[in-house]
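Student: predicted model follows, preceded by the sequence.
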Amino acid sequence: MADAIKPPSRNEILKTESPSLAGTIAATLDDVGAEKFSEDDNQFLKFHGIYQQDDRDKRRTGREYSVMVRTRQTGGVVPPEQYLVYDALATKLANGTLRLTTRQTFQFHGVVKGGLRKLIHSINESLSTTIATCGDVNRNVTAPPAPVGTTVHESLVADAFAVTRALIPVATSYHQIWIDGEKLEQDLSDLIAAAKSAGENPYPIPQGNPGPDGTVVDPLYGKTYLPRKFKIGFAVPPQNDTDIFTNDLGFVAVVENGALAGYNLLAGGGLGSTHGNTETFPRLASVIGFIPRDKVVEAAKAVLTLHRDFGDRTNRRHARLKYVLEEKGVEWFTQEVETRLGFSFAPARPAPFTFQGDQFGWHDQLDGKKYLTLFVETGRIKDVPGHALKTALREVVAQFHPYLYLTPSQNIILGDIDPGQREAVTELFKKHGVGVNENLSRTRGAGMACPALPTCGLALTEAERVFPKVIDEIEVLLAETGLASEEISVRMTGCPNGCARPYMGEIGFIGRAPNKYNLMLGGNHTSTRLNQVYRENVKLEDFATELRPVLARYKSERLVGEHFGDFAERVLLRERAAEIAVAG
């Protein structure tokens, strides 16, 4: 008997019925009595860079709805004039904070419906956009953020922008809803004018021509776009700062004779999974082969359209590109992409990674200027008593005009600073209680956490709000065991969807239920290996109890130069596997 044909998911039906992605968003915006967007419109909103949320801390007394808005910042690049607009918008139209994401973008949280048009219109006027930063499309393209000033880095960033522009979808409803006819707030007009005078918008949104039935069908994505989200990253060895193997599509720079010769193409990475569902799992990207630099946009389109054509449109939890590679195989995938490209991949070339993460403090650019990598705990730019980071950044940017570069580890780089301004910049930060990482522990600097509660609807438990305390406890354990100078990457999420890439951490905490986490061990220093479950359902208050003997053993049993993740993989996880085998 033939297998029954599975029906498409609800999202696929919605996209088929409204390929403009408009839904009834505009009508809801105009309806002052509407408390929230419908569930169907909530799916369309994602394509516009918006997630509807509510404050889960207040659900007992009634739901309080707002939205999160995400910007597009290819490679994390943020001109100073644009940052000042964002700072003002966060204060005026959001909850007063800016959230750095693990994909080098900003998120505005706590935006109410009445201010949504104004916010998105102002973001576009400041020479950015929110289109396709969520939804079943290519998301923000990541790239190494440090402004080192080499020709290789400049060429790579140019390629990242070229890929971004080539993959932005045609969506006429975006202009109709958010841009046309909207007026700017008077107190933002000067900031907007300064941003416009500094350059042109690097994200021109293509406008398609309607077909005979009046419908605009995107020439790349088609009528129903992709089965799920699609993530692209660039990396330059030896630093794997973009966690390149976690992307649907990765471009690893191959440098020969000081020039960018091309890229090793990776495909099929992705971390999201669902507890108890064996059809879902994290997967690292496979190395496919080498392409010359001038083929990077063609390759991006070929891989994206393969996902479009072969991804699962019946089960969204099984719809990422990684499952296509896992089930059809790397050889099939390679042949299919080569057919679309019209040429064959060359063998991948040597391009090894040796470390991952940000290098904090002051550094030299090759052009003689300085840059400062600034730690932002859990990626949240805000003012708290004794640590007014948001105010400090605003004053530094307004006075010294550095370019800003967001890192995939949720930190921020201030670049292109004159050497003579270093002391003044440092003192201005200190004036607001913000140090430039002099006393930052290496483990705290390597930490990451997702927002989780109270706004994320997927969160099963806490992450961002408890993570600083978790690191405090781990720092105490490291001091107790004589490991205070070690760098151990610790990552935490409130659910298994992987937004802070917890499956790559040497220590990972993945939310499983209220106040319960899976303790993961065994990621490596180069972020090229997945960790594994070491203990399930560990309570937050028991983290130290579980980690104390683990760290003590690492201190006494490690090999010379062995990182914690490698020790955990070599010793602890093998012992755990043996225990499970004995238990049957």
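Tutor: That came through, no problem.
Student: do a quick rundown of the helices in the stretch 301-450 of the chain.
Tutor: Residue ranges of the helices in the stretch 301-450 of the chain, as given by DSSP state H, counting those that start in this stretch, are 321-328, 330-341, 389-400, 422-431, 442-445.
Student: if I look at Asn209, what pLDDT would I see?
Tutor: Per-residue confidence at Asn209 stands at 69 (pLDDT).
Student: quick one on the thing from earlier: now the helices of the stretch 301-450 of the chain in a markdown table, please, with extra columns for mean neighbour count.
Tutor: Backbone N, C-alpha and C define where each C-beta goes, glycine included. Formatted as a markdown table, those follow (neighbours: other C-beta atoms under 10 Å):
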| stretch | mean neighbour count |
| --- | --- |
| helix 321-328 | 21 |
| helix 330-341 | 15 |
| helix 389-400 | 19 |
| helix 422-431 | 15 |
| helix 442-445 | 20 |
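Student: got the ones you listed as CSV, with distance to Lys118 columns?
Tutor: Formatted as CSV, the helices of the stretch 301-450 of the chain follow (distance: least, C-beta to C-beta, whole Å):
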stretch, distance to Lys118
helix 321-328, 36
helix 330-341, 42
helix 389-400, 20
helix 422-431, 30
helix 442-445, 36
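Student: near Pro352, how many other residues are there?
Tutor: Counted with other C-beta atoms under 10 Å, the neighbours of Pro352 add up to 10.
Student: now Val550
Tutor: Val550 has 21 nearby residues by other C-beta under 10 Å.
Student: try Val571
Tutor: Count around Val571 with other C-beta under 10 Å applied: 17.
Student: rebuild the helices of the stretch 301-450 of the chain as JSON lines, extending it with distance to Phe281 and mean pLDDT.
Tutor: Shown next, in JSON lines, are the helices of the stretch 301-450 of the chain (distance: least, C-beta to C-beta, whole Å; pLDDT from 0 to 100):
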{"stretch": "helix 321-328", "distance to Phe281": "8", "mean pLDDT": "98"}
{"stretch": "helix 330-341", "distance to Phe281": "16", "mean pLDDT": "98"}
{"stretch": "helix 389-400", "distance to Phe281": "37", "mean pLDDT": "98"}
{"stretch": "helix 422-431", "distance to Phe281": "42", "mean pLDDT": "98"}
{"stretch": "helix 442-445", "distance to Phe281": "28", "mean pLDDT": "96"}
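Student: quick one, which of the ones you listed is nearest to Leu220?
Tutor: helix 330-341 (12.3 Å; C-beta to C-beta).
Student: packing partners for the closest one?
Tutor: With contacts defined as 3 or more C-beta pairs under 8 Å, 6 or more residues apart in numbering; DSSP states H and E, helix 330-341 has these neighbours: strand 286-292, helix 296-310.
Student: export these to JSON lines and tack on mean pLDDT, mean neighbour count and distance to Arg394?
Tutor: Formatted as JSON lines, the helices and strands packed on helix 330-341 follow (pLDDT from 0 to 100; neighbours: other C-beta atoms under 10 Å; distance: least, C-beta to C-beta, whole Å):
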{"stretch": "strand 286-292", "mean pLDDT": "98", "mean neighbour count": "19", "distance to Arg394": "42"}
{"stretch": "helix 296-310", "mean pLDDT": "98", "mean neighbour count": "20", "distance to Arg394": "36"}
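Student: poorly predicted segments of the stretch 451-584 of the chain, please.
Tutor: Residues of the stretch 451-584 of the chain meeting the criterion pLDDT under 70: none.
Student: go through the helices of the stretch 301-450 of the chain and name the closest to Ile179.
Tutor: helix 389-400 (25.9 Å).
Student: list the helices and strands the closest one packs on?
Tutor: helix 80-93, strand 380-381, strand 383-384, strand 412-417, helix 422-431.
Student: out of these, the one nearest Thr24 is which?
Tutor: helix 80-93 (22.5 Å).
Student: just the angle for the closest one relative to strand 412-417, thanks.
Tutor: Between helix 80-93 and strand 412-417, the angle comes out at 140 degrees (axes from the mean of the first three to the mean of the last three C-alpha atoms, to 10 degrees).
Student: report the buried residues of helix 80-93.
Tutor: 80-90, 93 (16 or more other C-beta atoms under 10 Å).
Student: can you lay out those as CSV showing pLDDT and distance to Ser122?
Tutor: Output for the buried residues of helix 80-93, formatted as CSV (pLDDT from 0 to 100; distance: C-beta to C-beta, whole Å):
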residue, pLDDT, distance to Ser122
Pro80, 98, 16
Glu81, 98, 13
Gln82, 98, 11
Tyr83, 98, 13
Leu84, 98, 12
Val85, 98, 6
Tyr86, 98, 9
Asp87, 98, 12
Ala88, 97, 9
Leu89, 97, 6
Ala90, 98, 11
Leu93, 96, 8
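Student: I'm done for today, thanks for sticking with me.
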